[in-house]
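In: need coordinates for the below:
(one chain, ligands or ions: 1)
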Amino acid sequence: MKTAPGSWSFTRWTTVDQLEALEVRHPEFYARLFLQGAHLSHFAPAGAGNWLWLSDTARFMTGRAIRGGIPVCWPWFGVPGKNPDPVRQTVLSDTPHGFARTAVWNLEDVRESAQDVEISLSLDASQDFAELWGGRASALITFRFAATALQVALTSTNLGRTPLAFSQALHTYLPTPDITRTQITGLDRCNYIDTLDEWSRKRQDTALCFDGEVDRIYDTGGADIGLNTPATAYRLCSSGSRSAVVWNPGPEKSRHLSDFPDTAWQTMLCVETANAFDNIYVLNSGQSHTLSVMISRLEEHKDPS
Ligand SMILES: O=P(O)(O)OC[C@H]1O[C@H](O)[C@H](O)[C@@H](O)[C@@H]1O
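Out: From the prediction side, this is the model:
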């Protein structure tokens, strides 16, 4: 059922510090979605805590990326200079992760039912970002919240006359009670770029465990990814994605990160649904591409160790 503003049953506008957000209080789940960055900070089925990690020192300020939740990195991922030529040539800025995560998106649609809520936001990147980027494109993002899963789908459309290259990520921050007892499955036998070892190419032979800083771009070919923490297990099923970025800043880098407590690396990690480096994609004029992830989680369980 599509509903107009004012007739929403579960969704309402709210303001957090300087930022406007939509808050969904559905009997089955809670969510908070900021217009700036199309940034989801909270998703929690009834009776559960936030499935997403959000920094205790996150700031909700105009033009500032929120530390935690799901930042949208678009139309480029990472440092522009590290992107392959077709992406780098379009970028006119040094800013990492594109402009979408600090741009104000437009509300397109809210659909509510007894089972789920869907919210769509759009960003027109055809003119306003000309100082930062040489492309002309639009982005449409749809969040679908339900008791058992969170789904995010980001569609990019090339509005220009010539082919346009993109890198991108749904930069999901997830919580763990203890990063040293956290494991990622589904990446074994995948090749990856180790950005901490001069961007050398390596192969993952086992499940991925953490014993310090990790910053890697995996070639997943679209495989599902599992995350096992001492408290629970997540499953991330993607489509339109050929990369996964796994990031934990470790103790040293944490001290220099904005809006990030020094010890927070012990209780978070990012598993990013992406198309990056070798897996950038090029859209012809008028063509669209959708990147999506569905995140589900087991009930919290007692630490087995
Ligand atoms: O600090 P930010 O710009 O939000 O970036 C945070 C992190 O994002 C990604 O995971 C990159 O792979 C990391 O190299 C980067 O440090």
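In: check contacts around whichever residue of the stretch 151-300 of the chain sits closest to the ligand.
Out: Taking C-beta to the nearest ligand atom, the ligand has its nearest neighbour within the stretch 151-300 of the chain at residue 247, 3.3 Å off. Just so you know, the C-beta spots here come from the backbone N, C-alpha and C atoms, and that holds for glycine as well. Contacts here follow C-beta atoms under 8 Å, 6 or more residues apart in numbering; on that basis residue 247 touches 214-216, 269-270, 272.
In: can you get me a residue count around residue 94?
Out: The burial metric for residue 94, expressed as a neighbour count using other C-beta atoms under 10 Å, is 9.
In: ok, and the closest non-adjacent residue to it?
Out: Closest residue to residue 94 apart from its sequence neighbours, by C-beta to C-beta, 6 or more residues apart in numbering: residue 80 at 6.3 Å.
In: can you check residue 15 too?
Out: Excluding its sequence neighbours, the residue lying closest to residue 15 (C-beta to C-beta, 6+ apart) is residue 21, at 7.1 Å.
In: is that neighbour bridged to anything, and to what?
Out: In this structure, residue 21 bridges to residue 14, residue 34 when assessed by DSSP bridges.
In: from the ligand, how far off is it?
Out: Applying C-beta to the nearest ligand atom, to the nearest Å, the value for residue 21 to the ligand is 19 Å.
In: give me every residue in the stretch 1-150 of the chain lying close to the ligand.
Out: 65, 78, 96-97 (C-beta under 6 Å from any ligand atom).
In: recalculate using a threshold of 8 Å.
Out: Among all residues of the stretch 1-150 of the chain, those adjacent to the ligand (criterion: C-beta under 8 Å from any ligand atom) are 65, 67, 71, 73, 77-79, 96-97.
In: please flag which of those sit within strands.
Out: Among these, the subset assigned to strands under DSSP state E consists of residue 73.
In: ok, of the residues of the stretch 1-150 of the chain next to the ligand, which come out buried?
Out: Applying a neighbour-count criterion of 16 or more other C-beta atoms under 10 Å, the buried members of these are 65, 67, 71, 73, 77-78, 97.
In: got the residues you listed as JSON lines, with pLDDT and distance to residue 240 columns?
Out: Listed next are those as JSON lines, based on pLDDT from 0 to 100; distance: C-beta to C-beta, whole Å:
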{"residue": "65", "pLDDT": "98", "distance to residue 240": "23"}
{"residue": "67", "pLDDT": "98", "distance to residue 240": "26"}
{"residue": "71", "pLDDT": "98", "distance to residue 240": "18"}
{"residue": "73", "pLDDT": "98", "distance to residue 240": "15"}
{"residue": "77", "pLDDT": "98", "distance to residue 240": "14"}
{"residue": "78", "pLDDT": "98", "distance to residue 240": "19"}
{"residue": "97", "pLDDT": "98", "distance to residue 240": "19"}
